[in-house]
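> Okay, structure incoming, though there's no sequence with it:
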Ligand SMILES: [Fe+2]
Ligand SMILES: [Fe+2]
């Protein structure tokens, strides 16, 4: 391959966005939640591995422990993890201090905010948080604080210099679980040390579909001479087969795996919770990035969990995406970082916040409406979650993601507002992880075990899902977002058997729908549905 040749990025190249060596999920981008995760997750896990690497190596062999706080490397990487720990302490020291400041502020409020005016307490806010927080009581006189979150992104606490993208090639779907395993330098990998918002990434990822100059991208990414032969191997002269845009008069829906659903009419292309996998030789059949059209009019994000807002996929689609629609978060709560600010920081200028029961008109006369997303967030005050209702060419589709239908009265209101639903997509991960699994590092006081286990990140079980079906009366029901596809391993850590509760409950739902004459299926891998326009 001559350096002047135009080349394509190979379809099996994986690009993992990292922050200080850890997979970049939303809570690692927002500065305050990142600080708490560095201290409460990363440093803890690394200290534990350094102390007993054998324990970690043994634990990850047990599928039931895969989502746990165990580093998924053999026991011989203690030196590398020690190096990463030291680097973290040095380079992210300011975040460690920020986390300590958050702890101190919480303690201050607990001890001194006793129902009287909070004004005198501003002088006592830890120095490094002053000017970044507002103190308040709720109506039950519980004191708390909120961040001026946009200011944190303009402060020394936002560290884009820690961001990078790790390029490797896939020959398997197996990847270590992202919440517990940092990415260490390995053979066959090149870490591009540029912040996520840099246009150089666009130049690279555009080459999946359109040829680009090898020399230009090599220079843009500052590839060293030692890295060059590996870097070259990531490119090919063969033109990939790129998908045709749907041209029919009706609606085409393609399931790409997990909660990733692509809805297309001839006027508009919408993709929900984009999680798109890489192909490799011998891989299970799947839709890939090449199966998406050149332009995606709307990306819909249902909520901020790491399996629904995947920077890994979004970064690669950045030049194709016209708009990203996210749920509006509560303002400045530690547990509910703004998805808009997260995505803007990652280089997406076109983020729209959608509220519950608010709508956006779609090209071709369609309409997108935000609907309530109940539960699945351990009863924390988290607003950044939304179901989507999409009306296109006379078809009505609801994407309910991980909603736990705990209160059907909500959906009675929904039904009155949006009318009949033709197709319902519903997640049924009904045996979710406890509160502390995802939110533990943010808790400033430990949660008793029994409470932790009662507050799970669970979606709808059979009864709740059936209640939803009876209320909304869809003609078709598809169970999705189950984390079952092998390419989800690194973000979901789920390994179901037929006896697993989500499988048992969702099978019951599919069967029950069948007896009631409702088309129903639990989706796995890929699926295409085409609805002709009969109007
Ligand atoms: Fe979720
Ligand atoms: Fe999920």
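Now that the structure is in, tell me what you want to look at. These numbers were taken from a predicted model, which means no experiment stands behind them. Ligands and ions are numbered 1, 2, ... in the order given.
> for ligand 1, what are the nearby residues on the stretch 201-350 of the chain?
Proximity of the stretch 201-350 of the chain to ligand 1, by Cβ under 5 Å from the ion, involves residues residue 305. C-beta here means a position set from N, CA and C on the backbone, and glycine is covered the same way.
> for the stretch 201-350 of the chain, which spans come out with low pLDDT?
Flagging of the stretch 201-350 of the chain using pLDDT under 70 yields an empty set of residue ranges.
> where's the residue in it that ligand 1 sits nearest to, which helix or strand?
Closest to ligand 1 within the stretch 201-350 of the chain is residue 305: 3.6 Å, counting by Cβ to the ion. Under the criterion of DSSP states H and E, residue 305 resides outside all helices and strands.
> elements contacting the helix or strand of the chain with the lowest mean pLDDT?
Ranked by mean pLDDT, DSSP states H and E, the weakest helix or strand in the chain is helix 489-492, scoring a mean of 91. For helix 489-492, not one helix or strand is in contact under the criterion 3 or more Cβ pairs under 8 Å, 6 or more residues apart in numbering; DSSP states H and E.
> Could you pull up the mean pLDDT of the helix or strand following that helix?
Once the chain leaves helix 489-492, the next helix or strand it forms, by DSSP H and E, is helix 501-515. Mean per-residue pLDDT for helix 501-515: 97.
> Tell me which residues are up against helix 501-515.
428-431, 459, 461-462, 465-466, 469, 477, 479, 482, 496-498, 519-522 (Cβ atoms under 8 Å, 6 or more residues apart in numbering).
> redo that, cut-off 7 Å
Outside helix 501-515, the residues within contact range by Cβ atoms under 7 Å, 6 or more residues apart in numbering are 428-431, 461-462, 465-466, 469, 477, 479, 482, 496, 520-522.
> next one: stretch 219-227
Contacts of stretch 219-227 (Cβ under 7 Å, 6+ apart): 190, 192, 200, 203-204, 231.
> distance of the residue in the stretch 401-535 of the chain positioned nearest to ligand 2 from residue 379?
Taking Cβ to the ion, ligand 2 has its nearest neighbour within the stretch 401-535 of the chain at residue 402, 4.5 Å off. Distance of residue 402 to residue 379, computed by Cβ to Cβ, to the nearest Å: 14 Å.
> Over to residue 290?
41 Å.
> Which residue is the nearest non-sequential neighbour of residue 530?
residue 252 (5.0 Å; Cβ to Cβ, 6 or more residues apart in numbering).
> what about the one you found, which helix or strand?
Assigned by DSSP H and E, residue 252 falls in strand 251-257.
> Give me the neighbour count for the residue of the stretch 201-350 of the chain closest to ligand 1.
23 (other Cβ atoms under 10 Å).
> do the one 5 residues further on as well
Each residue near residue 310 was counted by other Cβ under 10 Å, and the total is 24.
> cool, and residue 445?
9.
> any idea which helix or strand carries it?
Using DSSP H and E, no helix or strand contains residue 445.
> Would you tell me which helix is longest in this structure?
Longest helix in the chain, counting residues (DSSP state H): helix 93-112.
> near ligand 1, which residues of the stretch 351-500 of the chain show up?
Counting by Cβ under 5 Å from the ion, the stretch 351-500 of the chain sits next to ligand 1 at residue 402.
> Understood, closing this out.
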